[in-house]
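Asks: Sharing a model that was predicted from the sequence below.
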Amino acid sequence: MAWNTNLRWRLPLTCLLLEAAMVVLFGVFVRYDYEADPHWPEEKRHKNIISDSENDFYYRYPSFQDVHVMIFVGFGFLMTFLQRYGFSALGFTFLLAAFGIQWALLMQGWFHSFKDGYIRIGVESLINADFCVGSVCVAFGALLGKVSPIQLLIMTLFQVTLFTVNEFILLNLLLVKDAGGSMTIHTFGAYFGLTVAWILYRPNLQQSKERQSSVYYSDLFAMIGTLFLWLYWPSFNSAVSNHGDAQHRAVINTYCSLAACVLTSVALSSALQKKGKLDMVHIQNATLAGGVAVGTAAEMMLMPYGSIIVGSISGIISTLGFTYLTPFLETHLKIQDTCGIHNLHGIPGLIGGIVGAVTAASATSEVYGHEGLVHAFDLEGGKYNRTTQLQGSFQAAGIFVSLAMALVGGGIVGIILKLPCWGQPPDENCFEDEIYWEV
Amino acid sequence: MAWNTNLRWRLPLTCLLLEAAMVVLFGVFVRYDYEADPHWPEEKRHKNIISDSENDFYYRYPSFQDVHVMIFVGFGFLMTFLQRYGFSALGFTFLLAAFGIQWALLMQGWFHSFKDGYIRIGVESLINADFCVGSVCVAFGALLGKVSPIQLLIMTLFQVTLFTVNEFILLNLLLVKDAGGSMTIHTFGAYFGLTVAWILYRPNLQQSKERQSSVYYSDLFAMIGTLFLWLYWPSFNSAVSNHGDAQHRAVINTYCSLAACVLTSVALSSALQKKGKLDMVHIQNATLAGGVAVGTAAEMMLMPYGSIIVGSISGIISTLGFTYLTPFLETHLKIQDTCGIHNLHGIPGLIGGIVGAVTAASATSEVYGHEGLVHAFDLEGGKYNRTTQLQGSFQAAGIFVSLAMALVGGGIVGIILKLPCWGQPPDENCFEDEIYWEV
Amino acid sequence: MAWNTNLRWRLPLTCLLLEAAMVVLFGVFVRYDYEADPHWPEEKRHKNIISDSENDFYYRYPSFQDVHVMIFVGFGFLMTFLQRYGFSALGFTFLLAAFGIQWALLMQGWFHSFKDGYIRIGVESLINADFCVGSVCVAFGALLGKVSPIQLLIMTLFQVTLFTVNEFILLNLLLVKDAGGSMTIHTFGAYFGLTVAWILYRPNLQQSKERQSSVYYSDLFAMIGTLFLWLYWPSFNSAVSNHGDAQHRAVINTYCSLAACVLTSVALSSALQKKGKLDMVHIQNATLAGGVAVGTAAEMMLMPYGSIIVGSISGIISTLGFTYLTPFLETHLKIQDTCGIHNLHGIPGLIGGIVGAVTAASATSEVYGHEGLVHAFDLEGGKYNRTTQLQGSFQAAGIFVSLAMALVGGGIVGIILKLPCWGQPPDENCFEDEIYWEV
């Protein structure tokens, strides 16, 4: 089938319409949070805050910047591993994320900080918008090379919406804790993307097979992405945790988990190859599974050794997944997962959800202190008269809700993206910058 | 004409003389600011400061590091897009910026923090020095490939000096606000560089035309620069704003403006190409215009939708500029602008100045609160009995002063750089690392 | 000699055994520091701390992240300069550092924060672990291309151990100050690595000579490493200094020293080449010597001009070292120093130790204030009744202890690594990714 891949009017119109909508909606709805408002000095006196250093900005801005780098440099460069798809990997991530963060500010604003007719945004909103877009980047990983930028914008529009609904159900209805987003970002993003990939299955993709591998320099560029993701993941998992000990602990746990994950990924990578040689795919991807798998529990009292166990296991499972599961998914389930997101975000995301549920269920006021326990799980004021066991069950429920939302949402969005009008590339031009870029 | 491009004695002597001058001048003039001085604990008690966290260092250091990355990695890699000029792009940026920040510490110190015979430097001085050098990097963009490292050092020496004078006129005499430097850094830097480029016009530059384009990997390297500039721009525009809400707000505004700018740049890039394909030049450059254009007003109550409007417009204008204006400048005005700084810094800088003037003029104590308004525009103590309308006029005056300084200064410096003794490359060796580097 | 370089069982087993040991040891020994513990709110009230912003996390986390980037991105990419060794440069740095930081948390924990049977870790522990691994990365630089990943893991195991013992002697017994680790990290790491390189001398290394040079793109990748090291070095030298003025001052000094170092490195690079052309090796490496050389004294009252002098001198000496000393070491002392760590870490480390000793010896309570002097050198409570002159002597002693530990330790470890069972590459396959990687 010969689709028309000339995007000359479709892409500009899509971008401009979306951006015009943003202008109107921001104009009607979005204002500054009071900590970003010049009335802040008066508010401070009011709330008996004595110093500017108490502005949430200073607690979260360094983490925000790290998360920001992860989304655009991390995800962007990680996907440059294909030999002739670097422009698209970077450019399309740039495009979808730039649109996604604006739309996420609105969607998350309506659900989480809508008051007196206005959405109030501050540094935490920016982090959450980046988080939301992170899940779109995850899904993009499954589709890399096979979709047009218009399809990506459409997907972003819908996925951000569904993400926010799912997040609202988990955080506000089920009262689940998910600091690093193992469920809301990774599980949801991965299974959403895999479902879309399943619907967009291309039986004749072997026509562009030669371009589906990496070359020497493309692998080096991809390592820029890997390393910045790996290094800043402690910021990711701690960025929206409670001030003080919770942020501090989330960093320590993530640091430990990721370090352990590198060793088991390398071990398995070597063990799975006949001559014991290392495979760059594993080093680029499986080493990051530890960050995903420790996401939910990072701010909890998982303990450093707990983090190391989680990281070790996820490095092993992730590497095994790249070797055995990805080919199986393609051959038997007709899911073509370009970047192997199932191994980096899907399974580790599930592990993360489970670890979080177990850690929450086994929390005691001995370990946390009474005050600490109440604070850590927001069990304040008897409002939610929950035991930690019950909290654990709700956490587990959050996994299933995320999975269900991802499968149903991905199904619907996949069908929309299958329409032949979005300028998708023909099978023989997949994984090729030339089709959308002047090279 | 065959210039001598062997720099063996000229470059070392220039560097060593400049550095020796730095040693002497720093020895005579530069000391630590009191917050970086071990007498600080006593000062603290004196000023009734209760915590080390009140040290300005903690308010500004994360932003400083981001700005630092923008200057050296951002500008450096952005200019590696030429196929055989990566060493020079990175190496010369490194050299001129390393010299420039030292000289800027002195110049800005004499003008802004000279007291009792000493310049007192702290983290804010380091940020301002980086800012100042940013304007030299902007100007370098117009000259990329056509000048020798000695010329760049000479230019840095003069441009930093003129920058500081201009900045002093704007900030201290006109009492203009310019947090992100739309006027002082971008407008000044761009028109300074363009004037120099005009004077150094090379009619036979087509002799090195083939090297004036990019290749696949050089474009990927350039994206490292683009992305770090784009990601850290919120830090740039907020780095020297007032503590608390002003920094917070500057980040939000810049984030919004840049996000919007990406969408309109992509839209125009596709619309301007016959087959609707995207052009890497636009993605690398025009996407950043939103950061420039929101510079002056970032800390003001521009509102998130205001930022999005500014970003959207500047993305459009910048992309149009790359397509139509750059060739026009070269053909009709004899300005060879290698990186298209007129589109990324020149016009967006002017937009930024205008937006700042309008935003200042329309500031009301209803929006800012009385205290907030006084604080935001330093209208304290009745010292400057200004209305906001008057402030707006002064802001507008700042644009013209910056332009005038840039044109006159650039003219003088251009004439100096035209002297045939600086080892500049002949036309047929422009845009080529081999002439100054062992390759 | 034909060693077996198939690592299929040896590498996986080594990694998994080491990681299993980490799990057990972390389980038995490692817990959270009280500032990362949910009992913190109660502790706060106890210690009369009024705000979460007093948590050490907020003083050190931004610096920690910068240091983290330096170790993995900085050292990793700096070593990608070889034409076909980028995978190993990045992958092996990743592997050894990921293991090293875990082992360092334990070792440093036992020596520095072991109490009631537990090691308590917080953000400062993470920084110190990264520091410790930094010294292993330094040593790796001398061996780059000539060792297997198993050898690197073994070396890391021993070097981290010896590092910690040496650090304990310096910091806790000699009561030496060494904020940026000129002695503990750079001097120790460099001479340790050089001793190992001396023992692993390969007389027939010319067989892989052609791969020992760089190519155009590999040099650009290396500049990513250089720039992030250079930019974040102020964070490195200030990361564990006292809160407030000391951190502030360490940043200023390092910033100045590094800026000066760039100019003298460029000057010498051009002066030492017949046609005055610049050499990428110098730009990539010698420009960093200023950060090393100012390490010990960075937090002291070195004064900005002092820093500039130190930086200028170390840039000159380092560049001279690359031109004259590295070939001399190889030809006459049989030390094959792949990255020239002697010029970047060895000599500048010694300079740093000496500058630190002199600066400490000349400290007066006039310059520091009485309280400041006591605080800066931990001369509190008359516990150590030292004059600053005596402190200077102890600082000098620290240099010799570090050297001795490096030579003896490097000798022993070198002999262990010479055993023929670690899968080291044959001479004709050195500097070649293919031997350990699927390419």
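Replies: Yep, it's here.

Asks: Tell me which helix or strand in chain A has the weakest average pLDDT.
Replies: helix A:40-47 (a mean of 76; mean pLDDT, DSSP states H and E).

Asks: near chain C, anything from that one?
Replies: No - using C-beta under 8 Å from any C-beta of the partner chain, helix A:40-47 never reaches chain C; the gap is at least 12.8 Å. The C-beta positions use only the backbone N, C-alpha and C, and glycine is treated the same way.

Asks: Give me the buried positions along that helix.
Replies: By neighbour count on 16 or more other C-beta atoms under 10 Å in any protein chain shown, the buried set for helix A:40-47 is A:40-41, A:44.

Asks: Could you pull out the strands in chain A for me?
Replies: With DSSP state E, the ranges of strands along chain A come out as A:30-32, A:114-115, A:118-121.

Asks: partners of the shortest one, with directions?
Replies: Strand A:114-115 has these partner strands in its sheet, going by DSSP bridges: strand A:118-121 (antiparallel).

Asks: hey, C-alpha coordinates of the partner strand in CSV?
Replies: Extracted C-alpha coordinates of strand A:118-121, given in CSV (Å, rounded to 0.1, in the frame of the first residue of the first chain):
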residue,chain,number,x,y,z
TYR,A,118,-8.0,28.2,37.7
ILE,A,119,-5.2,25.7,37.5
ARG,A,120,-2.2,26.8,39.6
ILE,A,121,1.2,25.7,38.3
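
Asks: how many other residues sit next to A:Gln108?
Replies: 24 (other C-beta atoms under 10 Å in any protein chain shown).

Asks: Confirm for me that it is in contact with A:Leu171.
Replies: No - using C-beta atoms under 8 Å, A:Gln108 makes no contact with A:Leu171, being 10.4 Å away.

Asks: any bit of stretch A:284-304 sitting next to chain B?
Replies: No - using C-beta under 8 Å from any C-beta, stretch A:284-304 never reaches chain B; the gap is at least 15.9 Å.

Asks: quick one: buried residues of that stretch?
Replies: Result for stretch A:284-304 [16+ other C-beta under 10 Å]: buried residues A:284-304.

Asks: Quick one: mean pLDDT for it?
Replies: Averaging pLDDT along stretch A:284-304 gives 97.

Asks: any chance of the strands of chain A in TSV, plus distance to C:Tyr201 and mean neighbour count?
Replies: TSV is the format used below for the strands of chain A (distance: least, C-beta to C-beta, whole Å; neighbours: other C-beta atoms under 10 Å in any protein chain shown):
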stretch	distance to C:Tyr201	mean neighbour count
strand A:30-32	65	22
strand A:114-115	70	12
strand A:118-121	62	21
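
Asks: and the lengthiest helix in chain A, which residues are buried?
Replies: Ranked by residue count and defined by DSSP state H, the top helix of chain A is helix A:388-418. Of the residues in helix A:388-418, A:388, A:391-399, A:401-403, A:405-407, A:409-410, A:413-414, A:416-417 count as buried by neighbour count, 16+ other C-beta under 10 Å.

Asks: Neighbours of the residue of the stretch 151-300 of chain A found nearest chain C, how many?
Replies: Residue nearest to chain C within the stretch 151-300 of chain A: A:Gly276 (3.0 Å; C-beta to the nearest C-beta). Neighbour count for A:Gly276, taken as other C-beta under 10 Å: 20.

Asks: And it, how close does it get to chain B?
Replies: 31 Å (C-beta to the nearest C-beta, to the nearest Å).

Asks: Tell me the confidence at that residue?
Replies: 95.

Asks: repeat for A:Glu380
Replies: pLDDT, A:Glu380: 66.

Asks: repeat for A:Gly410
Replies: 98.

Asks: In contact with the closest residue to it other than its chain neighbours: list those residues for me.
Replies: Among residues not flanking A:Gly410 along the chain, A:Thr195 sits closest, at 2.9 Å (C-beta to C-beta, 6 or more residues apart in numbering or on different chains). When contacts are counted by C-beta atoms under 8 Å, 6 or more residues apart in numbering or on different chains, A:Thr195 touches A:406-407, A:409-411, A:414.

Asks: What of A:Arg84?
Replies: A:211, A:431-434, B:216.

Asks: and the residue nearest to A:Ile185 when sequence neighbours are not counted, how many neighbours does it have?
Replies: Excluding the flanking residues, the one nearest A:Ile185 by C-beta to C-beta, 6+ apart is A:Ser135, at 4.6 Å. Around A:Ser135 there are 31 other residues, counting by other C-beta under 10 Å.
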